[in-house]
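Peer 1: What shape does this take:
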Amino acid sequence: MGGDHGPSVTLPACKAFLDKHPAAELVLVGLPEAVAPARDWARTRLVPASEVVTMDDAVEVALRRKKDSSMRVAISLLREESGEPQAHACVSAGNTGALMAVSRYLLKTMDGIDRPAIATVLPNRRDAFTTVLDLGANVDCTPEHLLQFAVMGSALVSAVEGKEDPTVGLLNIGEEAIKGSEVIKRAGELFRAAGDDGSIVFHGNVEGNDIFAGTTDIVVCDGFVGNVVLKASEGLASMLSDFIKQEFTRNWLTKLAALVALPVLKHFKHRVDHRRYNGAALLGLRGLVFKSHGSADAFAFENALTRAYDAARNRLLDRVHDRIAESMRALPAGDIATQVA
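Peer 2: Have a look, this model is predicted:
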């Protein structure tokens, strides 16, 4: 029900996803009249909800007033109240703050994790991806929170990409340890200590250009900075698409040059198309929750569904939990003083 477009986008995306994944099953949660077009679909179950969390609803509204919202009902299906959960992953394009708050309330966080973080991948020039977190769940972070993000990011990359020792970079305004705010400088100290203990592989401070250069496998930052990076990268991809269209409409010379360069331009456009990377994981929860971009079209939302499906099939939750537990045991107790009691 969420996002800028709601069922007009999510339902076609769900149908396309089912067509491409014959072993998958979907549970569609929403207002009965909105999900009714899917009532005859194979491998699909409809679960009604009487309320919807809007994009401008305050967090407290989603938590305390709309207790039968589609978002809350969908997340509750992940809980193991009596044996197996009714669903193995949840995907929403709705209000990010509400999604995080309701997920934390219903699912709780893993042991050793204070705040969940939003993580996604961005393409880099090594023809690979850089995992970036946090992307907006936590605007104000302590150094200890950033350390937890580093551990969770390492667990994610290790589980999904099979890299046992992914490298971690701390986003800063310079590579030198003396640069940055007091929070970042203290976080750097914790990262170095964790690197010495083998909990993470700390590369050092990195700058914004290192994300797309692929300097490290993971880049850690607070949610405010991460969200700005994400939106800027999406804006760059849109600008490139517009540029290619303009070059084909200016004059015969630019049309000819664009035509010659078309294969390269298409490949690059494909690589930086943010819709292909839609579906950010909310790490640190006792359940798999994925956030789709609110403005996602059907192609992008389908990719978010695929990302969540792959995570569930590969037992990402169990593997991340095990990695976090192993890493947290190795961290000095004084460095994670802000953990949930």
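Peer 1: Give me the residue ranges of the protein where confidence is low.
Peer 2: Residues of the chain meeting the criterion pLDDT under 70: 82, 237, 240-241, 243-249, 252, 258, 261-262, 264-272, 328-341.
Peer 1: and the residue lying closest to Thr215 once chain neighbours are set aside, what does it touch?
Peer 2: For Thr215, ignoring the flanking residues on the chain, the nearest one in space by Cβ to Cβ, 6 or more residues apart in numbering is Val206 at 5.5 Å. Quick note: C-beta positions are derived from backbone N, CA and C, even for glycine. Val206 makes contacts with Gly169, Leu170, Leu171, Asn172, Glu175, Thr215, Thr216, Val219, as judged by Cβ atoms under 8 Å, 6 or more residues apart in numbering.
Peer 1: before we move on, what about Val168?
Peer 2: Val168 sits next to 150, 153-154, 191, 200-203, 216-220 when contact means Cβ under 8 Å, 6+ apart.
Peer 1: Select from those residues every entry located in strands.
Peer 2: When DSSP state E defines the strands, the subset of these inside them is Val201, Phe202, His203, Ile218, Val219, Val220.
Peer 1: who wins for neighbours among these?
Peer 2: Val220 (33 neighbours; other Cβ atoms under 10 Å).
Peer 1: if we can go back for a sec, possible to save the contacts of Val168 as CSV with distance to Val59?
Peer 2: Converted to CSV, these look like this (distance: Cβ to Cβ, whole Å):
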residue, distance to Val59
Ala150, 26
Gly153, 25
Ser154, 29
Phe191, 30
Ile200, 31
Val201, 35
Phe202, 33
His203, 35
Thr216, 32
Asp217, 32
Ile218, 28
Val219, 27
Val220, 24
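Peer 1: Just the closest of those residues to Val289, please.
Peer 2: Gly153 (16.4 Å; Cβ to Cβ).
Peer 1: quick one: stretch 277-284 to chain centroid distance?
Peer 2: 2 Å (Cα atoms, centre = their mean, to the nearest Å).
Peer 1: For it, measure first residue to last.
Peer 2: 20 Å (Cα to Cα, to the nearest Å).
Peer 1: Am I right that Ile173 sits in a helix?
Peer 2: No. Applying DSSP: H, G, I helix; E, B strand; the rest coil, one finds Ile173 to be coil, outside a helix.
Peer 1: quick one: Met100 and Asp68, what's the gap?
Peer 2: Distance of Met100 to Asp68, given as Cβ to Cβ, to the nearest Å: 19 Å.
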